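>>> have a look at this prediction, sequence included:
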Amino acid sequence: MPKVKAEKKSRKHQEVKSQGIVFNTGIGQHILKNPLVVNAIIEKAALRPTDVVLEVGPGTGNMTVKLLEKAKKVVACELDTRLVAELQKRVQCTPMQTKLQILVGDVLKTELPFFDICVANLPYQISSPFVFKLLLHRPFFRCAVLMFQREFAMRLVAKPGDKLYCRLSINTQLLARVDHLMKVGKNNFRPPPKVESSVVRIEPKNPPPPINFQEWDGLVRVAFVRKNKTLNAAFKSSAVEQLLEKNYRIHCSVHNLEIPQDFSITKKIEAVLQEADFGEKRARCMDIDDFLVFTGPFSVPPDFFMHLTQLGSTFPKAEDCDPKKGKS
């Protein structure tokens, strides 16, 4: 190994060691160290002096202290108690101390407080569930500026026909406006992750679209199980038919409705596909408006797509962000 590389590695090790912290890359601890990137993220958040900011993954506080300079209050959520102590030391005996509130724990299991803006450099393996936790949070926040793995970020902004277009893309874009802001290289973090990163801005739609998101996600889940297949092929599989019929029967039982003797889930699916003229369409080429039209005929009776857990989680993980490809 060339000497210059060995020396560079040694300096990094000494830098971490001098702070008394060994970062746990297994849980996605990669501290954003470049002040230019930190400043750019804060600028894109367009903070106001009256804002309450939710910061997820504050680390040692490189971004936190700059947020405190511009916002009324910062609520920082951190899992690692060592980093919590480091953050507390950083603001101790300063005017910023009273403006900082720290929530210790897993952000996915934490009840989020009111906030105007969210800024996060979070572990990439929780990207998908965290995005939907944010988008389903009430009351509405103004925007979120978030650091993601590059591929995950590109899935968020992908359009119909793009290679990366998936259920994550359409679900996120149904609930929010999503913009890719900038690329961030590995060397902007300490220690550097194995993947490239990107910063994305998410602005929730307020008011949200007037749909039942659980039903919507169930339908989209079926369509994207094999996104390159036609909807005829996707919806006429025996597994899908069995699940849809089960949901329909549960709905009728709960609401004391009589099931017609001649009811056939196969005929119902065929009728909907024919009515919407979507039988030969493929999910990878369909936009939000297409799916809204397609959802309509399935809404009478409702609940066809509720609780389709057998077809995958509401938050796509394996397809959209392989945990093995996280920051570590």
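Sure, I can see it.

>>> give the contact list for the residue sitting nearest the centre point of the chain.
The centre of the chain sits closest to residue 131, judged by CA atoms, centre = their mean, with a distance of 2.5 Å. Listed by CB atoms under 8 Å, 6 or more residues apart in numbering, the contact set of residue 131 reads 146, 156, 172, 202, 315. No exception for glycine: its C-beta is placed from N, CA and C like everyone else's.

>>> name the helix or strand for it, please.
helix 127-135 (DSSP states H and E).

>>> starting at the chain centroid, how far to that helix?
Its chain's C-alpha centre and that of helix 127-135 lie 4 Å apart, by CA atoms, centre = their mean, to the nearest Å.

>>> and the helices in the chain, which stretches?
Ranges of helices within the chain are 3-18, 35-45, 64-70, 81-91, 127-135, 150-157, 167-175, 213-224, 231-235, 238-254, 265-276, 288-298, based on DSSP state H.

>>> for the second one, name the packing helices and strands.
Applying 3 or more CB pairs under 8 Å, 6 or more residues apart in numbering; DSSP states H and E, we find helix 35-45 packed against helix 64-70, strand 117-120, strand 143-149, strand 176-184, strand 197-204.

>>> from the contact counts, what lies against the fourth one?
Pointing back at strand 176-184 there. helix 35-45, helix 150-157, strand 197-204.

>>> ok, of the helices of the chain, where does mean pLDDT dip lowest?
Least confident of the helices of the chain, judged by mean pLDDT, is helix 3-18 with a mean of 39.

>>> what sits up against stretch 167-177?
Stretch 167-177 is contacted from outside by 128, 131-132, 135-136, 152, 155-159, 162, 178, 202-205, 208-209, 211, 213, 216-217, 220-221, 224, 286-288, 291, 316, 319-320, using CB under 8 Å, 6+ apart.

>>> nope, stretch 87-102 is what I was after
The contact list for stretch 87-102 (CB under 8 Å, 6+ apart) reads 58-61, 64-65, 68-69, 71-78, 84.

>>> what about that stretch, distance to the chain center?
Worked out by CA atoms, centre = their mean, stretch 87-102 lies 29 Å from the chain centre.

>>> going by neighbour count, list what's buried in it.
Buried residues in stretch 87-102, counted by 16 or more other CB atoms under 10 Å: 87, 90-91, 96, 99-100, 102.

>>> what of stretch 207-226?
Those buried within stretch 207-226 under the rule 16+ other CB under 10 Å are 213, 215-225.

>>> thought residue 127 was touching residue 151?
No. Counting by CB atoms under 8 Å, residue 127 does not reach residue 151; the two are 10.3 Å apart.

>>> of the two, which one has the most company?
Here residue 127 and residue 151 are compared on neighbour count by other CB atoms under 10 Å; more neighbours surround residue 127, at 27 against 16.

>>> and the more buried one, how far is that from residue 52?
Distance of residue 127 to residue 52, given as CB to CB, to the nearest Å: 23 Å.

>>> next: residue 104.
In terms of CB to CB, residue 104 sits 18 Å off from residue 52.

>>> cool, and residue 297?
Residue 297 sits 43 Å away from residue 52 when distances are taken as CB to CB.

>>> same thing with residue 112?
11 Å.

>>> go on, residue 71?
In this structure, residue 71 and residue 52 are 7 Å apart, going by CB to CB.

>>> returning to what we had before: who's more crowded, residue 104 and residue 52?
residue 52 (17 against 13).

>>> could you pull up the residues touching residue 63?
Contact partners of residue 63, counting by CB under 8 Å, 6+ apart, are 32, 38, 41-42, 55, 119, 121.

>>> can you give the distance of stretch 182-192 from its chain's centre?
Its chain's C-alpha centre and that of stretch 182-192 lie 20 Å apart, by CA atoms, centre = their mean.

>>> which outside residues touch it?
For stretch 182-192, contacts defined as CB under 8 Å, 6+ apart pick out 12, 15-16, 23, 25, 30-34, 37, 40, 147, 150, 193-199, 327.

>>> now the end-to-end length of stretch 87-106.
Its first and final residues considered, stretch 87-106 spans 17 Å by CA to CA, to the nearest Å.

>>> so residue 291 makes contact with residue 220?
Yes. Residue 291 is within contact range of residue 220, at 6.3 Å (criterion: CB under 8 Å).

>>> that older thread, anything in contact with each of residue 71 and residue 52?
In contact with both residue 71 and residue 52: residue 117, using CB under 8 Å, 6+ apart.

>>> could you redo the contacts of residue 63 as TSV and give each row distance to residue 233?
Output for those, formatted as TSV (distance: CB to CB, whole Å):
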residue	distance to residue 233
32	44
38	48
41	43
42	48
55	45
119	43
121	41
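
>>> please check the residues you listed and keep the buried ones.
32, 38, 41-42, 55, 119, 121.

>>> need the contact list for residue 162.
residue 169.

>>> go on, residue 105?
77, 79.

>>> one more: the one 3 residues further on?
With contact taken as CB under 8 Å, 6+ apart, residue 108 is in contact with 126, 129-130, 133.

>>> now those in TSV, with distance to residue 188?
Output for the contacts of residue 108, formatted as TSV (distance: CB to CB, whole Å):
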residue	distance to residue 188
126	20
129	25
130	21
133	26
